[in-house]
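[1] quick one, structure for this:
(chains A and B)
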Amino acid sequence: MILRPGLRKGLLVLHISCSVGLLGTVAAFLLLAIYGVAGSDPQTLQATYLSMDVLARLLILPLVLASLVIGVVQSLLSGWGLFRHWWIVVKLVASIIVPIVLLFQMQGIRLIADAAASGLVLDSFGGARMSFIVHAGGGFVILLLPMILSVYKPRGLTHYGWRKQYEPAEGPLSKIR
Amino acid sequence: MPELPSYPSTPRWVKMIGKVALALAGLAVLLMIGGGGQHGPWRHFSMRASTDVASPDAATQPPSTGGN
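    The predicted model follows:
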């Protein structure tokens, strides 16, 4: 089933909005994570980690999942397919890695936010706070990859795509034969 | 049925991304081994499990000032 052009463009707008919004939100999270390590004022640190928790739970996670689901639907319901072109396969893998890593980080983010909210001294969480910078920075770079691939769409069919391209077209006549 | 033309090799950019991904995965595995089989923020908290922050509930307790 191939979507009508109007609907396809609507999905594309949604997909781009989620992906670009996600990139911006991860950049904001990264900035807060850096500020959380560099800053020293307890009240500012408290606000920083609470904001990071809210960003991660209410914006980054939903946007990651929405971007992934819409991307999959879009490629399946357009002529591109999900496994025919290398650039789509690489995008898919990158888009699956990001939510997995994020889910591993969520509890840690929550714990630091709780610790900050209850006025605990955060100095002893230095490793975890630094890990937020590393993971958010890595996530930002990984999220740039799908963006670049979507714009350049580098050539290259997968084995499956190659086979599909040269297979005789399946039509009503071929089914009768 | 006509024979398919032979598949050209996998594009160079895919191989390059694959090598970088493998290197990063290897690095993550090394870090996991170095961190005692754990990776992620929890390995930073496990050090403190016996002190004041063993669980999110414990995190709600005020820090001990040593003066009590």
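[2] residue ranges with poor pLDDT in the chain?
    With no chain named, the answer covers chain A. For chain A, the stretches flagged by pLDDT under 70 are A:169-177.
[3] that's the wrong chain, I meant chain B
    Of all residues in chain B, those with pLDDT under 70 make up the ranges B:1-2, B:35-68.
[4] so out of everything in chain A, what residue is nearest chain B?
    Closest contact between chain A and chain B, by Cβ to the nearest Cβ, is at A:G108 (2.5 Å). Placement of C-beta: from N, CA and C, glycine included.
[5] quick one: B:M32 from A:F104, how far?
    In this structure, B:M32 and A:F104 are 11 Å apart, going by Cβ to Cβ, to the nearest Å.
[6] and the helix or strand containing A:D53, does that touch chain B?
    Secondary structure from DSSP states H and E places A:D53 in helix A:42-55. No - applying Cβ under 8 Å from any Cβ of the partner chain, one finds helix A:42-55 separated from chain B by no less than 11.3 Å.
[7] could I get that helix in PDB with only the CA atoms?
    Provided in PDB are the C-alpha atoms of helix A:42-55 (Å, rounded to 0.1, in the frame of the first residue of the first chain):
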ATOM      1  CA  PRO A  42      23.000  24.600  44.900                       C
ATOM      2  CA  GLN A  43      19.700  26.300  43.900                       C
ATOM      3  CA  THR A  44      20.800  26.600  40.300                       C
ATOM      4  CA  LEU A  45      22.000  23.000  40.300                       C
ATOM      5  CA  GLN A  46      18.600  21.900  41.700                       C
ATOM      6  CA  ALA A  47      16.800  23.700  39.000                       C
ATOM      7  CA  THR A  48      19.200  22.300  36.300                       C
ATOM      8  CA  TYR A  49      18.700  18.700  37.200                       C
ATOM      9  CA  LEU A  50      14.900  19.000  37.700                       C
ATOM     10  CA  SER A  51      14.700  20.600  34.200                       C
ATOM     11  CA  MET A  52      16.800  17.800  32.800                       C
ATOM     12  CA  ASP A  53      14.500  15.200  34.300                       C
ATOM     13  CA  VAL A  54      11.400  17.000  32.800                       C
ATOM     14  CA  LEU A  55      13.100  17.400  29.400                       C
END
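[8] by residue count, which helix of chain B is the longest?
    Secondary structure of chain B per DSSP state H: the longest helix is helix B:12-34.
[9] buried ones in that helix?
    Under the neighbour-count criterion of 16 or more other Cβ atoms under 10 Å in any protein chain shown, helix B:12-34 has B:13-14, B:17, B:21 buried.
[10] that helix - contacts with which helices or strands?
    Applying 3 or more Cβ pairs under 8 Å, 6 or more residues apart in numbering or on different chains; DSSP states H and E, one finds that helix B:12-34 contacts helix A:86-117.
[11] residue contacts, the residue nearest to A:G36 when sequence neighbours are not counted?
    The shortest distance from A:G36 to any non-neighbouring residue, by Cβ to Cβ, 6 or more residues apart in numbering or on different chains, is to A:T48 (4.7 Å). Contacts for A:T48 (Cβ atoms under 8 Å, 6 or more residues apart in numbering or on different chains) come out as A:32, A:35-36, A:39, A:116.
[12] not counting sequence-adjacent ones, nearest residue to A:I133?
    Per Cβ to Cβ, 6+ apart, closest to A:I133 is A:A33, 4.6 Å.
[13] and the one you found, what does it touch?
    Counted by Cβ under 8 Å, 6+ apart, A:A33 has contacts A:52, A:129, A:132-133, A:136.
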